[in-house]
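Asker: The sequence and its predicted three-dimensional model are supplied below.
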Amino acid sequence: MKFWCSLAFIFALAAAAVCQSTYSQGPAPPSQQTQDAVQKPPNSGPGTGSGGSAADYNADTTTTIVKTVNEVNLVFTVTDRHGHFIKDLKRDDIKVLDDSKPAAISSFSSQTDLPLRVGLLIDASSSIRDRFHFEQESAITFLNQIIRPSSDEAFVLGFDSVSEITQDFTDDTNKLAHGIRMLRPGGGTALFDAIYEAAKSKLATAQAKVPTRRAIILLSDGEDNQSRVTREQAIEMAQRAEVIIYAISTNISGIKTRGDKVLERFAETTGGRVFFPTKLDEVAQAFSQIQDELRSQYALAYKPLEFIADGRFHTIAIESGRKELRIRSRRGYYAPKR
């Protein structure tokens, strides 16, 4: 009997010791987490130290791991010298230069079916009043032909001195058509602001379950007299959002204006293209050519030889040994800043 009493007494002491140990340690800290924006909580501050609570202990001991994405995604178009799309390009036909240094291509594919996120930007200033209705109808026809339900989405933004989204992202072409017909011409022109806001607020944040191509279809004469941001700031935002800009000039005089040169700048720096119709029916043809191009592109991903998360602009060039090829892509990208 004495033996069993002694044994019970020993178990009681052991149980008390375990309870005391558990209370003094507090709950275990959470496991390590990976985040895009990463920082480690400081070891000092209000509520820390030997007198801190269990919650403070967790906050101070949570560790995060820095995850740096060092891969660049690029959509590009390839034609022959006559402007015909090349659809049989192979990975070995090209090489990529990042800041003039060769880069290793990690993936390459034809992207004729990649979902689209399109911003249709229509100049509704008083300078295009005479041909506004025809351009509206041409834009509606374009969206009816290119938007695939459950895959592609577009939004409509009209601008004069201010920008107005008359239809947010949708794959419903009837709603998009209604958004276009809501626009009324009049007022000044804030073109640069419109591009900046469309890239920053809509296309850079567009949600999708799979990779997408992002494009702005711009219908304008290229003139600007009301913007708060500069042309180069608008271009930078488009490049940060990885947006291709296609522009259709509404100047049908046949004489290249300062505004036409602005449209060329937007297209060239983002890998897009600008069209200069001289007759109204050529506007519809320009929309048709944009549609063909968006369904005839390639996509690749590559890793820069010396990736630096410095937040700066880095140039991109795609070269080919096939001299008959003409390759268009955005001219560079802004690296993330650590």
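Answerer: Alright, I've got the coordinates.
Asker: And the spatially most central residue of the chain, how far from Ser107?
Answerer: Taking Cα atoms, centre = their mean, the centroid of the chain lies closest to Ala241, which sits 3.3 Å from it. Remark: distance between Ala241 and Ser107 (Cβ to Cβ, to the nearest Å) = 21 Å. Backbone N, C-alpha and C define where each C-beta goes, glycine included.
Asker: SS state for Ile105?
Answerer: Secondary structure, DSSP: H, G, I helix; E, B strand; the rest coil: Ile105 is strand.
Asker: Run a quick neighbour tally on it.
Answerer: 17 (other Cβ atoms under 10 Å).
Asker: So for it, what's the nearest residue that isn't a sequence neighbour?
Answerer: Once flanking residues are discounted, Ile105 sits nearest to Tyr302: 4.8 Å by Cβ to Cβ, 6 or more residues apart in numbering.
Asker: Just say helix, strand or coil for that neighbour.
Answerer: Per three-state DSSP, Tyr302 ends up strand.
Asker: for it, what are its contacts?
Answerer: By Cβ atoms under 8 Å, 6 or more residues apart in numbering, Tyr302 lies in contact with Glu71, Val72, Leu74, Val96, Asp98, Ala103, Ala104, Ile105, Ser106.
Asker: same check, this time on Phe275
Answerer: Contacts of Phe275 (Cβ under 8 Å, 6+ apart): Tyr246, Ala247, Ile248, Ser249, Glu282, Ala286, Gln289, Ile290.
Asker: do you know how far it is from Ala234?
Answerer: For Phe275, the distance to Ala234 - Cβ to Cβ - is 19 Å.
Asker: and what of Val262?
Answerer: Taking Cβ to Cβ, one finds Val262 at 10 Å from Ala234.
Asker: which residues are common contacts for the two?
Answerer: Leu191.
Asker: Can you give the domain ranges for the protein?
Answerer: Using automatic domain parsing, the domain ranges for the chain come out as 28-67, 72-111+298-334, 116-294.
Asker: got JSON lines for these, with mean pLDDT too?
Answerer: Listed next are the domains of the chain as JSON lines, based on pLDDT from 0 to 100:
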{"stretch": "domain 28-67", "mean pLDDT": "40"}
{"stretch": "domain 72-111+298-334", "mean pLDDT": "93"}
{"stretch": "domain 116-294", "mean pLDDT": "93"}
